[in-house]
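Q: Here is my input; please provide its structure:
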Amino acid sequence: MFGLNDLPKFVWSFCLVLPLVSFVHQLGHSVMAIIFGGKVDFTIGRGKTILKMGKFKIKSVYFLDSFCKYENLKNDSRISHAVVYAGGVLFNVLTIFIINGLIMANILPEDIFCYQFVYFSVYYVIFSLLPIQYTETSASDGRAIYNVLRYGKTCDPD
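A: Reported below is the predicted structural model:
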């Protein structure tokens, strides 16, 4: 049962862990786009911009959402776009293995941060891969991968 004593853990996970997992996810998209020669806009949150460094922005409601937009891939193919769409999931899975490996090697402790980070990373992987078309131009990563491989149609990544 969720009680008042759980409130600090909820605030911790909502304001720190979840945005960090979201950052890792979007970083995966961004890194893959850069590898294929693209230009990337990386935004964390929604609302008023509170920090801007080049193409990287942090918005006032930083825990709500994050997204990366890319353009002009020098290696512009169906496969390169699919890899960019899969980049977020790949980075989430990679961090799950890294954290679990560090725990098994007794480098990181088995604590609530690691547990929540892995939990939310698994959540991101599963829900990113569900093939959902949100709008005409926006889709989940799974649907974007399907659309680009099957039809050659690109979408705005999440």
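
Q: where exactly do the strands run in this protein?
A: Assigned by DSSP state E, the strands in the chain fall at 39-53, 56-71.

Q: Mean pLDDT lowest where, among those?
A: Among the strands of the chain, strand 56-71 has the lowest mean pLDDT, at a mean of 88.

Q: Any buried residues in that one, and which?
A: 57-59, 62-63, 65-70 (16 or more other CB atoms under 10 Å). C-beta here means a position set from N, CA and C on the backbone, and glycine is covered the same way.

Q: And stretch 70-82, by the same measure?
A: Here stretch 70-82 shows 70, 73, 78, 80-82 as buried, counting by 16+ other CB under 10 Å.

Q: With stretch 80-91 instead?
A: Applying a neighbour-count criterion of 16+ other CB under 10 Å, one finds 80-91 buried in stretch 80-91.

Q: for the record, mean pLDDT for that stretch?
A: Rounded mean pLDDT across stretch 80-91 is 97.

Q: contact partners of it?
A: 24-33, 36, 38, 70, 73, 124-125, 128-129, 141, 144-145, 148-149, 154-155, 157-158 (CB atoms under 8 Å, 6 or more residues apart in numbering).
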